[in-house]
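>>> could you look at this predicted model? Sequence included:
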Amino acid sequence: MRISLKWLRELVEVTLTAEELAQTLTMAGFEVEDIEDLGTLADGVVIGKVLEVEPHPNANKLRVCQVDIGGSDPLNIVCGASNVRPDIYVPVATIGTYLPTIDLKIRASKLRGVRSEGMICSLAEVGLAKESAGIHIFEAETIPLGSDARPLLGLTDTILDVTSTANRADALSMVGVAREVVALTGASLSLPETVEVSIPKTSDALTLKVSEPKACPAYIGTVIEGVKIAPSPDWLQQRLKAAGVRPINNVVDVTNYILLEWGQPLHAFDRERLQAVAGLENLTIGVRFANSGESLTTLDGQTRSLEPQGLLITANDQPVAMAGVMGGEATEVNDNTQSIVLEAALFDPVTVRRSSRSQSI
């Protein structure tokens, strides 16, 4: 698990350096495989504002940009991104900056005969995404030009890559690791506040049927209506990225965030798409083992022949997810989702492991 030191310090009043904390965890039986200073990914990247954008005289896909980074004169930067335009704030790698993710040192150069005095960066170029469709655009209305871009990018953190043994599943969450650090150091613990929410129960909204209580000792499901799918706020996206999780949308990101923070898996189904699978009858969410000949197309687009040891989530007995392993493509949350069924369950880890291995996941 990738442990954000910045996040951990919100939970524990720990003053240890990253190296000291790594040593403490190692002595307690954890394996710290790496210590990563995220700041090195964008050292020398500053805030710039695109003032003007003109076509490149010698290349159809390139643009010549005037970018203000707070100096006496704007920089002339050649950019190939389709989303570059005037009046946006962007991360700019200045001359002399080294970007380790792409192994590139920025130098003054000529691109197809036009000088370029820096580079407008995408998230991929500063190590925050595997690939990017264009340059990153900051949403803030006003940002000090020439200031360090790393705080806005979430790159003022240190990550400990920690491996725990199979019998320490409690340490596979930020709260679990925080409790361990408290036990090891005597520091004070400050857990996130939880608010008790009263959800009215309706007779026809959702019915649960757990046929395998040993494999699923607890299953909680609720319907949430009036959902509006949108990108998550920057702070949430940054925490997910630091943990190695790709942000998708606000609903999916919240489920992943709760898993990282508390170690409690959640899954969100599109309510209308569940009903489409279930048919016209009232919706019943079930938990059972797979029957011979059943199949399920999972979120990765693969159609899987299900094995009898595979534990399933069903909608009116139709498979919609591999319990504790992966959701189904037919019921995933998408941009048009307006209501969801939110699942919080306790699955037997041995059963989940067998189910996962049966599909080589």
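Cool, the structure landed.
>>> what sits closest to residue 154 if chain neighbours are left out?
In space, and not counting its chain neighbours, residue 154 is closest to residue 238: 2.9 Å by C-beta to C-beta, 6 or more residues apart in numbering. C-beta coordinates here come from the backbone N, C-alpha and C atoms, glycine included.
>>> what's the helix or strand harbouring that neighbour packed up against?
If you go by DSSP states H and E, residue 238 is part of helix 234-242. Applying 3 or more C-beta pairs under 8 Å, 6 or more residues apart in numbering; DSSP states H and E, one finds that helix 234-242 makes contact with strand 2-4, helix 5-11, helix 250-262.
>>> what's around the nearest residue to residue 270 once chain neighbours are set aside, how many residues?
Here the nearest residue to residue 270 in space, its sequence neighbours aside, is residue 337; by C-beta to C-beta, 6+ apart that works out to 4.8 Å. Number of residues near residue 337 (other C-beta atoms under 10 Å) recorded here: 20.
>>> ok, the one 10 residues further on next?
As a burial measure, residue 347 scores 21 neighbours (other C-beta under 10 Å).
>>> phi, psi of the residue nearest to residue 24 when sequence neighbours are not counted?
Distances taken as C-beta to C-beta, 6+ apart place residue 184 nearest to residue 24, at 5.4 Å, with adjacent residues excluded. When read as degrees, to the nearest 10, the backbone of residue 184 gives phi -80, psi -30.
>>> likewise for residue 340?
Torsion angles at residue 340 (phi, psi; degrees, to the nearest 10) stand at phi -130, psi 160.
>>> quick check: beta-bridge partners of it?
Residue 340 forms beta bridges with residue 224, residue 270, as assigned by DSSP bridges.
>>> could you do residue 56 as well?
Residues in beta-bridge contact with residue 56 (DSSP bridges): residue 59.
>>> correct me if wrong: it contacts residue 63.
Yes. The pair residue 56 / residue 63 is scored as a contact, 6.1 Å apart, by C-beta atoms under 8 Å.
>>> okay, buried residues for stretch 127-141 please.
For stretch 127-141, a neighbour-count test (16 or more other C-beta atoms under 10 Å) marks 127-129, 132, 135-136, 138 as buried.
>>> correction: the previous question concerned stretch 222-241.
Across stretch 222-241, burial judged by 16+ other C-beta under 10 Å covers 223, 227, 229, 232, 236-241.
>>> can I see the domain layout of this protein?
Split into domains by automatic domain parsing, the chain comes to 2-30+164-185, 41-153, 207-358.
>>> would you mind giving the ones you listed as TSV with distance to residue 197 and mean pLDDT added?
Converted to TSV, these look like this (distance: least, C-beta to C-beta, whole Å; pLDDT from 0 to 100):
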stretch	distance to residue 197	mean pLDDT
domain 2-30+164-185	19	91
domain 41-153	30	95
domain 207-358	10	94
